[in-house]
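[1] Sequence and computational prediction follow.
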Amino acid sequence: MGSFGNCLLLALALLSPCAAAARKCNLQGLWRNELGSNMTLSALDAAGTFSGSYHTAVAATNKQILVSPLQGAQQHPSAKGQPTFGFTVQWQFADSTTAFVGQCFVDRRGKETLETTWLLWEEVPSRREAWKATR
């Protein structure tokens, strides 16, 4: 009986990483980053689009930071379950918009992480000054 218990334990230990790796990333819910910003994403619709809100903890402004709406889309889920996505945030406290793109990853323990890059475009008075509109 002891050897059966050990075999079962070994089998469970070997299956656990496979089960976690097979887990698909779910964008819906509350996400926080290392700077203290947070966003809440709705469930994906049939087309893979979602909406939500973003509350940044960092901004180059003296204005009050407000929660801002976002709209996005996820690439159709692949068999790997670690989809790419993109979304834009229309800042409610500044004359700018930010576009984020990235991928959702699931580690062996089942922890979901979003890796992203972003580009912010701030309104400028003229086309000649467009060169300084991006960050």
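    It's in. Numbering: from 1, shown residues only.

[2] Run through this protein and note the low-pLDDT ranges.
    Applying pLDDT under 70 to the chain flags residues 1-22, 77-79.

[3] Just give me the residue closest to the centre of it.
    Leu114 (4.3 Å; C-alpha atoms, centre = their mean).

[4] From Leu44, how far out is that one?
    14 Å (C-beta to C-beta, to the nearest Å). No exception for glycine: its C-beta is placed from N, CA and C like everyone else's.

[5] Check Asn26 too.
    For Asn26, the distance to Leu44 - C-beta to C-beta - is 9 Å.

[6] Compare these two (neighbour count), which wins?
    Leu44 (19 against 16; other C-beta atoms under 10 Å).

[7] Who are the contact partners of that one?
    27-28, 50, 74 (C-beta atoms under 8 Å, 6 or more residues apart in numbering).

[8] do Gln90 as well
    With C-beta under 8 Å, 6+ apart, Gln90 has these contacts: 68-70, 97.

[9] Can you report phi and psi for it?
    phi -100, psi 100 (degrees, to the nearest 10).

[10] Quick one: the helices in the chain, in order.
    2-21 (DSSP state H).

[11] Please enumerate the strands of it.
    Taking DSSP state E, the strands of the chain run over residues 29-32, 38-41, 49-55, 68-74, 84-90, 96-106, 112-122.

[12] for the last one, packing partners?
    What it means is strand 112-122. In terms of contacts (3 or more C-beta pairs under 8 Å, 6 or more residues apart in numbering; DSSP states H and E), strand 112-122 is packed against strand 96-106.

[13] Contacts made by the strand it packs on with the rest, please.
    So strand 96-106 is contacted by 20-21, 23-25, 27, 72, 81-91, 112-123 (C-beta under 8 Å, 6+ apart).

[14] Pull out the buried members of the residues you listed.
    Among the contacts of strand 96-106, those scoring as buried are 23, 25, 27, 72, 82-83, 85, 87, 89, 91, 112, 114, 120 (criterion: 16 or more other C-beta atoms under 10 Å).

[15] with those in mind, which one is nearest to Arg127?
    Leu120 (18.1 Å; C-beta to C-beta).

[16] Contacts only, for that closest one.
    Leu120 touches 96-98, 134-135, counting by C-beta under 8 Å, 6+ apart.

[17] Okay then, goodbye and thanks.
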